[in-house]
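>>> Model the structure of this input:
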Amino acid sequence: MVSFLAPKRPQWFRGTVATAILFTIVYAAWAWWTPWRAGRPGGLTFGTIGALLFLNDGLYPLRRRLLAWPLGTAQRWLQLHIYGGVIAMLCVFIHVGFSLPHGTIGWWLLGLSLWTTITGVFGSLLQKWIPTVVARSLRVEALAVRMPELTARLVGEADAVMRGASDRLWASYQSDIRPSLEHPEPAWAYVANVHAGRDRYAAPLAALDRAADPERLRNLRAILTEKAELDIQLSLQRALRAWLLLHVPPAIALLGLLAVHIFAVLYL
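Below is the predicted model of the structure:
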């Protein structure tokens with residue numbers, strides 16, 4: 001199995017699979033014994049379990065204030081946040097008897113539940129995949145806030161390397177290479193293929209191969225490689241921030257709509 005797909009805590013994965021199988025068997029037996037409705041005891045039971053699990057997921061940002069209580073460690077909070085969300089989604093399906101919802105609120109609840117669960121699982125994989133990419137493919141690691149500073153340093157180093165070169169080489173450097181060094185240039189393509197960043201900087205460098213002396217070319221290539229890795233790093237970090245925007249606001253909306261749904265069931 002690809003390393004980033006392998007669960008960090010296999011016991012949590014096995015427990016989730018076992019729980020999902022158990023819940024499905026209970027639902028099948030209950031639905032066989034008596035007609036299944038969301039408002040009947042069986043549907044309400046699984047609806048309550050799902051709501052509590054989603055509520056727990058909503059408490060995840062407070063884990064530090066709670067000092068990991070009552071789960072003991074932040075890692076357990078994370079595991080319950082991920083696997084609990086998956087079980088909560090299953091409970092939603094069981095709650096409605098694996099049928100299509102009725103009414104606008106029902107559709108919104110189902111849609112937000114699906115979206116939040118899918119983006120949550122995707123984010124979990126993304127947060128495991130990015131460190132793997134960094135460890136295997138990149139030699140440079142830096143925070144986004146330091147990118148402008150590091151980029152400026154690389155421009156200075158590149159200027160120093162090219163100082164004293166022929167007018168033709170200097171002009172080629174100024175027009176084809178230096179502009180790409182002056183600013184961080186992240187790209188979504190680098191998230192899917194980290195080699196695309198290196199290839200982008202290799203192309204203009206190839207034009208200098210026959211004209212530049214080997215040592216100057218080697219030093220410039222090292223600088224361009226570091227710049228490419230900084231751009232790749234920034235692209236990966238931006239991907240994580242973009243994922244948060246896709247996951248967190250819908251999750252907040254889900255909790256709010258869930259509260260409305262529970263209030264309507266209890267009091268209306």
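>>> With just CA atoms, put the helix or strand of the chain at the bottom of the mean pLDDT ranking into PDB.
Lowest on mean pLDDT, DSSP states H and E among the helices and strands of the chain sits helix 195-206, with a mean of 75. In PDB, the C-alpha atoms belonging to helix 195-206 read as follows (Å, rounded to 0.1, in the frame of the first residue of the first chain):
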ATOM      1  CA  HIS A 195       9.200  17.700 -10.900                       C
ATOM      2  CA  ALA A 196       7.300  20.300 -13.000                       C
ATOM      3  CA  GLY A 197       8.900  23.000 -10.900                       C
ATOM      4  CA  ARG A 198      12.400  21.800 -11.600                       C
ATOM      5  CA  ASP A 199      11.700  21.300 -15.300                       C
ATOM      6  CA  ARG A 200      10.400  24.900 -15.500                       C
ATOM      7  CA  TYR A 201      13.800  26.300 -14.400                       C
ATOM      8  CA  ALA A 202      15.900  23.800 -16.300                       C
ATOM      9  CA  ALA A 203      14.600  25.000 -19.700                       C
ATOM     10  CA  PRO A 204      16.100  28.600 -19.700                       C
ATOM     11  CA  LEU A 205      19.300  27.200 -18.100                       C
ATOM     12  CA  ALA A 206      19.800  24.900 -21.100                       C
END
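>>> Report pLDDT for P214.
We have a pLDDT of 78 for P214.
>>> Can you give me the distance of it to I118?
Between P214 and I118 the distance is 51 Å, computed by CB to CB, to the nearest Å. (C-beta placed from N, C-alpha, C; glycine too.)
>>> now do K8
Separation of K8 from I118 (CB to CB) stands at 20 Å.
>>> How about L59?
As judged by CB to CB, L59 and I118 stand 21 Å apart.
>>> what about the stretch 101-250 of the chain, any weak spots by pLDDT?
For the stretch 101-250 of the chain, the stretches flagged by pLDDT under 70 are 207, 209-212.
>>> Can you tell me the element the spatially most central residue of the chain falls in?
By CA atoms, centre = their mean, the mean C-alpha position of the chain lies nearest to G123, the distance being 3.1 Å. Here G123 is covered by helix 103-137, with elements defined by DSSP states H and E.
>>> Next secondary structure after that helix?
helix 147-162.
>>> care to break the chain down by domain?
3-138+244-267, 144-240 (automatic domain parsing).
>>> Remind me what the longest helix seen in the chain packs against, helices and strands.
Longest among the helix segments of the chain by residue count, using DSSP state H, is helix 214-267. On a contact count with 3 or more CB pairs under 8 Å, 6 or more residues apart in numbering; DSSP states H and E, helix 214-267 meets helix 41-58, helix 103-137, helix 147-162, helix 178-181, helix 188-192, helix 195-206.
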